[in-house]
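J.: What follows is a predicted protein model with its sequence.
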Amino acid sequence: MTELPLFPLGTVLFPEGRLGLRIFEPRYLDLVSQCLRTDGTFGVCLIREGRDTGAPALPHDIGTEARIVDWDRNDDGLLALTVHGERRFRIAGSRAQADNLLLGEVEWLADEPEALPAEYTPLADLLWQLLQRVEPDRAEAGERFSDAAWVGYRLAECLPLQPGQSQALLAQPDPLLRLQSLAAVVQAVDEHAGE
């Protein structure tokens, strides 16, 4: 078990994904300062109950370790961060510090490499098309379109999912079942668009 500071949010961060954050609460400013000094990380978790400000929110049990890759102070005085998703984790227990920062006892969850089965090639093709529109450099780099976990996480970031849907995909340990769920979402979107 590892102790990891937790940052409950109204959104999901996937492994190898990027997320922009605006920091203004003292507990999170202190956390960011410590992470920048020590190259430390923190955990991003979707809020199950509560809010992302004030008293500690109750997070979902599965989250993603986040590493700060860029930061700047905005004109409004808020700290703007870009974080990179690393490993998934499960929270075994948590406690709140005096400043309401949550600390979680976490166990790391491994993502097993899995080759993308031919039946899910259309999902990889769709992901490539979506990345061409929003991140052409990433699409052209080839990335890992044959890796089932990578394709599933990236597609989950690109599709118009509700936070609960994203959380279910993050919590799914099997990359092929994750792709199966995403295929159903894509089919539903296609059917709705055709109406």
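T.: Sure thing, it's come through.
J.: alpha carbons only for contacts and neighbour counts from here, please
T.: OK.
J.: Tell me the buried residues in the helix or strand hosting Asp190?
T.: Using DSSP states H and E, Asp190 sits in helix 175-194. Using 16 or more other C-alpha atoms under 10 Å as the burial criterion, the residues of helix 175-194 that qualify are 175-176, 178-183, 185-186.
J.: And for stretch 56-75?
T.: 56-68, 71.
J.: Straight-line length of it, end to end?
T.: End-to-end distance of stretch 56-75 (C-alpha to C-alpha, to the nearest Å): 28 Å.
J.: picking up where we left off before, centre of the chain to the helix holding Asp190, how far?
T.: Remark: helix 175-194 is offset 19 Å from the chain centroid, using C-alpha atoms, centre = their mean, to the nearest Å.
J.: and if you look at stretch 9-19?
T.: Counting by C-alpha atoms, centre = their mean, stretch 9-19 comes out at 2 Å from the chain centroid.
J.: For it, which outside residues touch it?
T.: 44-47, 51-52, 63-65, 82-88, 153-154, 157, 163, 166-167, 170 (C-alpha atoms under 8 Å, 6 or more residues apart in numbering).
J.: If any of the residues you listed are buried, give me the PyMOL selection for them.
T.: Filtering these down to the buried ones (16+ other C-alpha under 10 Å) takes a single PyMOL command:
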select buried, resi 44+45+46+47+52+63+64+65+82+83+84+85+86+87+88+153+154+157+166+167+170
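J.: hmm, back to that, okay, the buried residues of helix 175-194 in JSON lines with distance to Gln132 and pLDDT next?
T.: Converted to JSON lines, the buried residues of helix 175-194 look like this (distance: C-alpha to C-alpha, whole Å; pLDDT from 0 to 100):
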{"residue": "Pro175", "distance to Gln132": "23", "pLDDT": "95"}
{"residue": "Leu176", "distance to Gln132": "24", "pLDDT": "95"}
{"residue": "Arg178", "distance to Gln132": "23", "pLDDT": "96"}
{"residue": "Leu179", "distance to Gln132": "20", "pLDDT": "96"}
{"residue": "Gln180", "distance to Gln132": "23", "pLDDT": "96"}
{"residue": "Ser181", "distance to Gln132": "23", "pLDDT": "95"}
{"residue": "Leu182", "distance to Gln132": "19", "pLDDT": "96"}
{"residue": "Ala183", "distance to Gln132": "20", "pLDDT": "95"}
{"residue": "Val185", "distance to Gln132": "21", "pLDDT": "91"}
{"residue": "Val186", "distance to Gln132": "18", "pLDDT": "90"}
